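[1] what follows is a predicted protein model with its sequence.
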Amino acid sequence: MIKTNKFKNLLLFVVAIIFSVFCGKADKNIKNPKKVLALYLTKNVGDIIFATPVFRALKENYPSCKLYVIGSLKNKETLAYNQDVYEYIICPDTIFKLWKIIRRLNVDYALLFATSSFEITLLYLANIPSISVFSLQNTTDSTRIYKIIKRFCIQIPFYSGQNFARQNLNLLIPLGINSNNTKKHLFHSKQAELSMLEFFRKNKIVPHKDLIIAVAPGAGTKIKQWPADRFGQLADYLFKKYNIPIFVVGGPGDKKEFEAMRFSTSKETPIISCLGHSIDELKAFISNIDIMIANDSAPTHIAESYGKATVTIIGPTDEKEHIQEGKFNKIVKWDKRGSPTLPSMSPIDYDKNVAREQIESISISQVAQAVDELIKDLKITSQLK
């Protein structure tokens with residue numbers, strides 16, 4: 001991935017200002033686009049999942065349009081096998097290489113999910129006819145360069161504290177697409193499916209017959225993690241009540257949380273680790289479970305995309321931003337939390353003690369009750385035997 005600094009951003013900005021004198025704005029009226037580019041360099045799996053409704057809406061409205069996505073190496077696997085994306089391009093390691101790629105694509109329209117001064121400037125300098133970008137309305141977390149360059153593009157209002165997936169869809173309004181369908185879309189390979197079915201077989205579990213519950217004690221942002229020992233005690237509760245093993249999922253950075261959870265779990269409770277699998281295999285695994293229990297993190301969003309029941313433990317983040325709207329998607333938060341301490345796109349400074357209080361005040365009984373209610377509801381609808 002490209003590393004930028006203030007000097008590079010300033011240099012690009014100066015070039016962009018000169019460029020604007022000769023080329024004007026990137027706000028042309030585009031009808032029936034042939035090629036569209038989505039630039040999203042995030043390494044966060046959850047963020048790219050919230051962009052998938054945009055990709056589906058574009059495909060449904062313009063079936064012959066080719067959608068190119070430029071992003072991180074990690075998220076190439078997240079979007080793999082998605083038929084809404086014509087080509088996923090891994091971001092190169094230099095600004096000039098990325099600019100050349102964007103120029104070579106010769107797209108009619110581009111959309112930018114992040115409020116990045118570097119990314120918006122590079123899109124503009126690629127001389128794309130029309131670019132839609134977000135204009136933050138209720139927060140000041142945006143650079144001066146971004147504030148200036150966005151005036152050369154089509155500005156789409158964005159509000160912190162509102163549904164990200166629905167607001168992402170607004171980036172398509174200039175193309176005449178008005179969609180409110182926030183259904184996420186993920187896919188996995190046949191090989192990954194077979195690998196995970198074999199994994200279940202070795203652990204004497206039959207998907208879609210046995211009750212399968214997975215937990216994810218980790219999260220990319222550590223301050224929003226529910227204490228790992230409580231995941232362990234929750235696992236004890238679920239084993240005693242339902243006589244089932246508990247699967248644990250996560251990435252390479254979640255080993256510490258897994259070990260802490262394992263340490264606090266009774267020796268009688270069977271814990272099965274799913275750490276170490278690829279993202280493709282993780283998607284295949286989650287597509288075969290019944291309930292995912294996790295912090296506000298990627299595993300719950302993956303589960304939602306496959307129509308699986310979820311229990312999301314919310315602490316200092318804003319549940320309205322990453323809301324899961326299905327019948328079997330439950331949110332658990334502290335009753336006395338008040339306003340979230342750590343909403344997205346908030347100022348960098350926040351009270352870490354309050355943030356921890358908002359996640360640590362959630363009890364095991366609250367989460368257990370949500371899981372019990374889900375299992376009861378799933379049985380009523382015959383999704384579970």
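    Now that the structure is in, tell me what you want to look at.
[2] quick check: phi and psi on the residue of the chain most remote from its centre?
    Centroid-distance maximum for the chain: F22 at 38.2 Å, with CA atoms, centre = their mean. Taking degrees, to the nearest 10, you get phi -100, psi -30 for the backbone angles of F22.
[3] could I get the pLDDT score of it?
    For F22, the model assigns a pLDDT of 89.
[4] separation between it and N127?
    10 Å (CB to CB, to the nearest Å). For the C-beta atoms, the positions are set from N, CA and C on the backbone; glycine is no exception.
[5] cool, I272 as well?
    53 Å.
[6] and if you look at L194?
    46 Å.
[7] so which residues of the protein form strands?
    In the chain, strands defined by DSSP state E lie at 35-39, 66-71, 87-90, 109-112, 130-136, 154-158, 213-216, 246-248, 271-273, 291-295, 309-314, 329-333, listed in chain order.
[8] out of the ones you listed, which gets nearest to N29?
    Of all these, strand 130-136 sits nearest to N29, with 7.5 Å by CB to CB.
[9] now do the closest one: which elements does it pack against?
    Applying 3 or more CB pairs under 8 Å, 6 or more residues apart in numbering; DSSP states H and E, we find strand 130-136 packed against strand 109-112, helix 117-125, strand 154-158.
[10] tell me which of those sits most buried.
    Highest mean neighbour count among the helices and strands packed on strand 130-136 (mean count of other CB atoms under 10 Å): strand 109-112, with a mean of 26.
[11] how far out from the middle of the chain is that one?
    Computed by CA atoms, centre = their mean, to the nearest Å, the chain-centroid distance of strand 109-112 equals 19 Å.
[12] list the helices and strands that strand packs on?
    Checking 3+ CB pairs under 8 Å, 6+ apart, strand 109-112 ends up next to strand 35-39, helix 117-125, strand 130-136.
[13] could those be laid out in a markdown table, adding distance to I18 and mean pLDDT?
    Formatted as a markdown table, the helices and strands packed on strand 109-112 follow (distance: least, CB to CB, whole Å; pLDDT from 0 to 100):
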| stretch | distance to I18 | mean pLDDT |
| --- | --- | --- |
| strand 35-39 | 22 | 98 |
| helix 117-125 | 10 | 95 |
| strand 130-136 | 18 | 96 |
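[14] now those as TSV including distance to L374?
    What follows is the helices and strands packed on strand 109-112, written out as TSV (distance: least, CB to CB, whole Å):
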stretch	distance to L374
strand 35-39	34
helix 117-125	39
strand 130-136	34
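[15] can you check which of the ones you listed gets nearest to Y242?
    strand 35-39 (42.0 Å).
[16] hmm, back to that, quick one: closest of the helices and strands packed on strand 130-136 to G71.
    That would be helix 117-125 among the helices and strands packed on strand 130-136, by CB to CB, at 11.0 Å.
[17] next one: that closest one to chain centre, how far?
    On CA atoms, centre = their mean, the centre of helix 117-125 falls 23 Å from the chain's centre.
[18] need the contact partners of that helix.
    Contact partners of helix 117-125, identified using CB atoms under 8 Å, 6 or more residues apart in numbering, comprise 2, 4, 8-9, 12-13, 15-16, 19-20, 26, 37, 39, 41, 95, 98-99, 102, 110, 112, 131, 133, 143, 145-146, 149-150, 152-153.
[19] wait, what's in contact with the residue most central in space within the chain?
    Nearest residue to the geometric centre of the chain (CA atoms, centre = their mean): G46, 1.4 Å. The neighbourhood of G46, defined by CB under 8 Å, 6+ apart, consists of 220, 297-298, 301, 322.
[20] inside helices: which ones of these?
    298, 301 (DSSP state H).
[21] closest to F231 out of the contacts of G46?
    Using CB to CB, S297 is the member of the contacts of G46 that sits closest to F231, with 12.6 Å.
[22] roughly how far does E257 sit from I291?
    With CB to CB as the criterion, E257 and I291 are 19 Å apart.
[23] over to S339?
    For S339, the distance to I291 - CB to CB - is 29 Å.
[24] ok, these two, which is more surrounded?
    Each of S339 and I291 has its neighbours counted (other CB atoms under 10 Å); I291 has more, 23 against 10.
[25] lowest-pLDDT helix or strand in this structure?
    helix 6-23 (a mean of 88; mean pLDDT, DSSP states H and E).
[26] any low-confidence regions in the stretch 1-150 of the chain?
    140-142 (pLDDT under 70).
[27] where do the helices sit along the stretch 251-385 of the chain?
    255-264, 279-286, 298-305, 352-360, 364-380 (DSSP state H, counting those that start in this stretch).
[28] to D210, which of the ones you listed lies closest?
    helix 364-380 (12.7 Å).
[29] list the buried ones in that closest one?
    By 16 or more other CB atoms under 10 Å, the buried positions in helix 364-380 come out as 364, 367-368, 370-371, 374-375, 378.
[30] now do that helix: distance to the chain's middle.
    Relative to its parent chain, helix 364-380 has a centroid offset of 25 Å by CA atoms, centre = their mean.
[31] quick one: that helix to strand 291-295, angle?
    150 degrees (axes from the mean of the first three to the mean of the last three CA atoms, to 10 degrees).
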